[in-house]
Structures are given as structure tokens and as C-alpha cells.
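Enquirer: mind looking at a prediction? Sequence and model below.
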Amino acid sequence: YERTLFNSRLGTEDTDGMKMYYVSLMPGLWRTFGTRFDSFWCCTGTGAEEFGKFGDTIYFHDGQALYVNLFIGSELSWPEKKVTVAQETSFPEEEGTSITFKSAAPVKMPVHVRAPYWATRGVTVSVNGKKQDVTARPCSYVTLDRTWNDGDKIQVAMPMGLHLAPLPDEPTVQAAMYGPLVLAGRLGTKGLTHEHVYGPLGPDEARGIPVPPLTGSVDAPDWVEQVKGQALAFQTVGQKSAIDVSPFYQVNDERYTVYWKVNRKST
């Protein structure tokens, strides 16, 4: 669900509010969007409805416990417990989150915070500034079972790292990821006009451009690195020329590639 939210749903609206019509994963093509008055499809309405789901699944609860599933700035009111929980984060630019309790009286309940599959560098949890001795295995939940007072704060740090998502049947064709974020190579706007991106033409395969294969390991993301000093900026390395790489949801009015053909380094 997290991968769908950050890699697909967030990229379905451009900076002017136009909804995406079609997204291709063929290397060298581009997204297409509707227009204000002349291009409006059934999936445009579906796309608008999607934004009503942004609050879906951030939190779950059972009779006693609260589950924090997604790291999104939000506020949850639980009337039966007479408690409000405020989550503050700029995730994914920030690699963690803070959760503050607001309650007129102490509340005893377990809080389970998701430790994502991508958190292989460890998850650190503090309560009111004191580091907690808790187990935080990837693909699990960190449990904090205590009495919560007004103003208590949970702070969670989850360093992200680069990893690969190869095709199941062809490991040399692969996408790079940073935490839950799918990354895309930015290939520029050569040959594109406004009408190619906005309107009914669609990403025509005949207008694709060749994407050169990469050289690197097929087992580790050694062909891409993070740009120093920038939170979500990356580039290819060890190639004839460097290509800027960004989270896929940030790439709109230009060509891109998500999947790369990677040739093994010669030894």
C-alpha cells in the first residue's frame, strides 16, 4: 500500500492540477495528462476520487491498541480512548516521524509502529527523548505498551537505503529503489510537445528514444548513488555519461525510464 501511494498515486496529478491519463513503463516514453476542457476521461474522475484515499490506512486499531502503518503528517482522534494522536513528518524527505499524544487524562494502551521491509539499516525509537530497548525487525511492528500522558512523544528514525527491484523472470532488468520509492532516470524532453503530454495522443511507442544499458552489478545498486547534500536526488555512476535520477512520482513533463537493462561488469 505504501509503494502504491508514493510511487503511483502521488504522480497522478501535475503541478496545475491536471489528472494523469496514461503512464507507460516502456523506457524512453512519458506520462500523459488530461486538459481542463477538451480531454476528460472516465479515469480522470477515478483519479480525482483517488485523492480521497490519502487518509486511508495511516492508522488501524483493535479494541485496545493503535497501529501506525504509514508515515504521513496527520491527526487521529480516538473518542473511545479520549485521546488524540498527532503525527508530524515530511516523509519521505524526512527518514522518520514523530507521534505526539494529546489527552486530558493518562491512557494505557499499546502502540504498534510499523518497521518497514526497507528499513534494513535499523529502526530507532525514542519516547520523550529516551531511546527504547525494543525489537525492530523489518516487516514487523515495534510495540510500545505503556501509559501515555498528555504531551508524550514517540520519535522514530528509519534510515533509507538504495536497493534493487528486478523483474521476477529477468534479474538483469531492474528498477532502483530508495526505501519505498521507485526511482526513474530523467531523459529530457527531446521531441516532445505540449500536445504529446496533454491531450489524447498518448505515449506513442514510435516516438520513444533508446535508453542505453547500464554496466554494474545485478545484485547491488552500484550503478546509482545519492547526490551529496540533497535528500531525494540521485544519479547514475560508472557509466559513459551520468543521468539524473529522481523518485518516479516527481517526474512529469519529460521522458523517463524506470526499468534499466544492466550488463554485468567484466572481470
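Expert: That came through, no problem.
Enquirer: how's the chain carved up into domains?
Expert: What the TED database lists as the domains of the chain is 1-51+161-264, 58-157.
Enquirer: what mean pLDDT does the first one have?
Expert: When pLDDT is averaged over domain 1-51+161-264, the result is 92.
Enquirer: let's see the distance spanning that domain from one end to the other.
Expert: Terminal residues of domain 1-51+161-264 lie 32 Å apart, using C-alpha to C-alpha, to the nearest Å.
Enquirer: distance from it to the middle of the chain?
Expert: With C-alpha atoms, centre = their mean, to the nearest Å as the basis, domain 1-51+161-264 stands 13 Å off its chain's centre.
Enquirer: ok, now the shortest one?
Expert: The chain centre lies 19 Å from the centre of domain 58-157; the measure is C-alpha atoms, centre = their mean.
Enquirer: partners of the host helix or strand of residue 156, with directions?
Expert: Assigned by DSSP states H and E, residue 156 belongs to strand 153-157. When pairing is defined by DSSP bridges, strand 153-157 lines up against strand 96-103 (antiparallel), strand 124-127 (antiparallel).
Enquirer: out of the ones you listed, flag the one nearest residue 198.
Expert: Among those, strand 96-103 comes nearest to residue 198, with 35.9 Å by C-beta to C-beta. For the C-beta atoms, the positions are set from N, CA and C on the backbone; glycine is no exception.
Enquirer: residues contacting the helix or strand following the closest one, please?
Expert: Going down the chain from strand 96-103, the next helix or strand is strand 107-115, by DSSP H and E. For strand 107-115, the surrounding residues in contact (C-beta atoms under 8 Å, 6 or more residues apart in numbering) are 64-70, 81-83, 99, 101, 123, 125, 136-148, 154, 156, 158.
Enquirer: looking at the strands paired with strand 153-157, which is closest to residue 191?
Expert: Distance to residue 191, taken as C-beta to C-beta, is lowest for strand 96-103 among these, at 41.5 Å.
Enquirer: quick one on the thing from earlier: could you dump the domains of the chain to TSV with mean neighbour count?
Expert: Output for the domains of the chain, formatted as TSV (neighbours: other C-beta atoms under 10 Å):
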stretch	mean neighbour count
domain 1-51+161-264	16
domain 58-157	16
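Enquirer: for the stretch 151-267 of the chain, which segments count as strands?
Expert: 153-157, 162-167, 170-178, 181-188, 214-216, 224-226, 234-236, 244-247, 255-257, 260-264 (DSSP state E, counting those that start in this stretch).
Enquirer: turn those into TSV, columns for distance to residue 20.
Expert: Output for the strands of the stretch 151-267 of the chain, formatted as TSV (distance: least, C-beta to C-beta, whole Å):
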stretch	distance to residue 20
strand 153-157	32
strand 162-167	21
strand 170-178	19
strand 181-188	14
strand 214-216	27
strand 224-226	25
strand 234-236	23
strand 244-247	15
strand 255-257	13
strand 260-264	23
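Enquirer: and the ones you listed: which comes nearest residue 200?
Expert: Judging the strands of the stretch 151-267 of the chain by C-beta to C-beta, what sits closest to residue 200 is strand 255-257, at 19.1 Å.
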